[in-house]
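Chemist: quick check, what structure comes out for this input:
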Amino acid sequence: MFELIKELILFFRAHKRYALIPVLVILLLLGALIVLGQGTVIAPFIYTLF
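Modeler: Numbering: from 1, shown residues only. Model prediction:
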């Protein structure tokens, strides 16, 4: 897991793709919300996002 984060940081530095960092953070937060919220309770809220 830490190797993946390390590779992502190196990729962002090498290719100057700093604009992708907020997108990645939002996707990680949505994924954590789905996993921690058990999916059924927050499903209507996620449905409105898409």
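Chemist: contact partners of the helix or strand encompassing P22?
Modeler: P22 belongs to helix 20-36 when assigned by DSSP states H and E. Residues outside helix 20-36 that contact it (CB atoms under 8 Å, 6 or more residues apart in numbering): L8, F12, I42, I46, L49. The C-beta positions use only the backbone N, C-alpha and C, and glycine is treated the same way.
Chemist: so the fourth one versus M1, what's the distance?
Modeler: Spelled out, it's I46. As judged by CB to CB, to the nearest Å, I46 and M1 stand 24 Å apart.
Chemist: the two - which one has more neighbours?
Modeler: Counting neighbours by other CB atoms under 10 Å for I46 and for M1 shows that I46 has the greater number, 13 against 5.
Chemist: before we move on, which element is the more buried one in?
Modeler: helix 43-49.
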